[in-house]
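**Q** Curious how this folds, go ahead:
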Amino acid sequence: MRYSLSVFAFALVLAGSAAAQAHAIDIVEPQMHIAKGGAKGPQVALTLDACMGQTDRRILDTLVEHKIPATIFITGRWAKNNAGALAVMKAHPDLFELENHGLNHIPPIDSVPTMYGIKTAGSLEAIRAEVQGGADVVRAQTGAAPRWYRGATARYSRDAIGLIEKMGYKIAGYSLNGDQGASLPAPVVEKRIAAAKDGDVIIAHINQPTRSAGEGVVEGVLALQQKGERFVRLEDVQTSETMNPVS
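**A** As a prediction, the model looks like this:
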């Protein structure tokens with residue numbers, strides 16, 4: 001009897017391990033590049049997430065002052081508390097492309113309960129509500145429907161990918177993580193961003209004004225501009241993307 005129970009327990013462990021592995025394979029992290037600049041010289045896309053909280057004016061003001069284009073992914077949570085920053089962005093449509101980061105910054109995943117400690121949507125219905133709610137916010141702010149969606153944590157379950165694409169949105173990945181969720185110190189962020197190559201899509205954050213990462217974003221972007229890199233928005237350039245499984 002003890003032997004039978006041991007075998008049964010071992011089988012449960014194996015089943016649980018297989019299920020966990022299946023869930024891991026189900027999660028993808030899109031890697032995206034833009035077309036290289038060719039004869040015009042190297043170009044990169046700066047994409048900034050506005051998840052919640054406030055606005056890092058060090059970044060926003062630098063982009064305006066130096067006329068550096070960027071694609072900003074906004075959530076409904078952020079939009080509620082940042083009317084002033086939104087007004088600045090909308091006053092410079094030549095610089096800022098506003099896109100969809102979801103309504104409440106909920107990861108578009110239905111196969112695991114959390115991602116990076118954040119509770120996931122948990123179902124396709126909840127994912128649809130998160131994506132559509134964010135799209136409604138962008139439309140209300142800009143008068144136009146967004147073209148791109150980037151989910152919280154920038155990770156997705158595979159069936160979420162299918163749903164989002166059926167809803168008519170492109171999924172915005174990245175090739176260079178500039179600030180690891182604004183968690184890195186300024187010198188590290190500066191070095192990462194300054195190392196961007198022709199065709200890179202940079203991800204960083206514009207909603208953490210009290211962290212040193214924002215200073216690194218500023219210095220890294222200015223270093224790229226000084227080297228002659230051109231900045232383009234996602235809506236202005238061709239893109240390519242691969243869905244990398246998360247192990």
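
**Q** C-alpha only now, for contacts and for neighbours.
**A** Fine.

**Q** Dump whichever strand or helix holds residue 46 to PDB, keeping only the CA atoms.
**A** Using DSSP states H and E, residue 46 falls within strand 43-50. Extracted in PDB, the C-alpha atoms of strand 43-50 (Å, rounded to 0.1, in the frame of the first residue of the first chain):
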ATOM      1  CA  GLN A  43      17.700  54.300 -37.000                       C
ATOM      2  CA  VAL A  44      16.100  53.100 -33.800                       C
ATOM      3  CA  ALA A  45      12.600  53.200 -32.300                       C
ATOM      4  CA  LEU A  46      12.300  54.500 -28.700                       C
ATOM      5  CA  THR A  47       9.200  53.100 -27.000                       C
ATOM      6  CA  LEU A  48       8.300  54.200 -23.500                       C
ATOM      7  CA  ASP A  49       5.700  52.600 -21.300                       C
ATOM      8  CA  ALA A  50       3.500  54.700 -19.100                       C
END
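
**Q** What mean pLDDT does it get?
**A** In this model, strand 43-50 carries a mean pLDDT of 98.

**Q** So what are the sheet partners of it and their directions?
**A** strand 70-74 (parallel), strand 201-205 (parallel), strand 230-232 (parallel) (DSSP bridges).

**Q** Can you say which of the ones you listed is nearest to residue 162?
**A** strand 70-74 (20.3 Å; C-alpha to C-alpha).

**Q** And the contacts of the closest one?
**A** The contact list for strand 70-74 (C-alpha atoms under 8 Å, 6 or more residues apart in numbering) reads 45-51, 63, 95-102, 134, 138, 149-150, 231-234.

**Q** contacting residues for the residue nearest to residue 148 when sequence neighbours are not counted?
**A** Counting by C-alpha to C-alpha, 6 or more residues apart in numbering, residue 170 is the residue found nearest to residue 148 once chain neighbours are left out, at 4.7 Å. Residues near residue 170 by C-alpha under 8 Å, 6+ apart: 147, 148, 149, 164.

**Q** Would you confirm that residue 237 contacts residue 34?
**A** Yes - Residue 237 is within contact range of residue 34, at 6.6 Å (criterion: C-alpha atoms under 8 Å).

**Q** More neighbours: the two, which one.
**A** residue 34 (23 against 13; other C-alpha atoms under 10 Å).

**Q** who does that one bridge with?
**A** Beta-bridge partners of residue 34, counted by DSSP bridges, are residue 239.

**Q** Distance-wise, check it relative to residue 220.
**A** Per C-alpha to C-alpha, to the nearest Å, residue 34 is found 19 Å from residue 220.

**Q** tell me which element residue 85 is part of?
**A** helix 83-90.

**Q** How far off centre is that helix?
**A** 20 Å (C-alpha atoms, centre = their mean, to the nearest Å).

**Q** Contacts for it, please.
**A** 55, 60, 79, 95, 96, 142.

**Q** could you point out where the chain is predicted with low confidence?
**A** 1-25 (pLDDT under 70).

**Q** Please, where are all the helices along it?
**A** Under the criterion DSSP state H, the chain contains helices at 2-26, 57-65, 76-80, 83-90, 124-142, 158-166, 186-194, 213-227.
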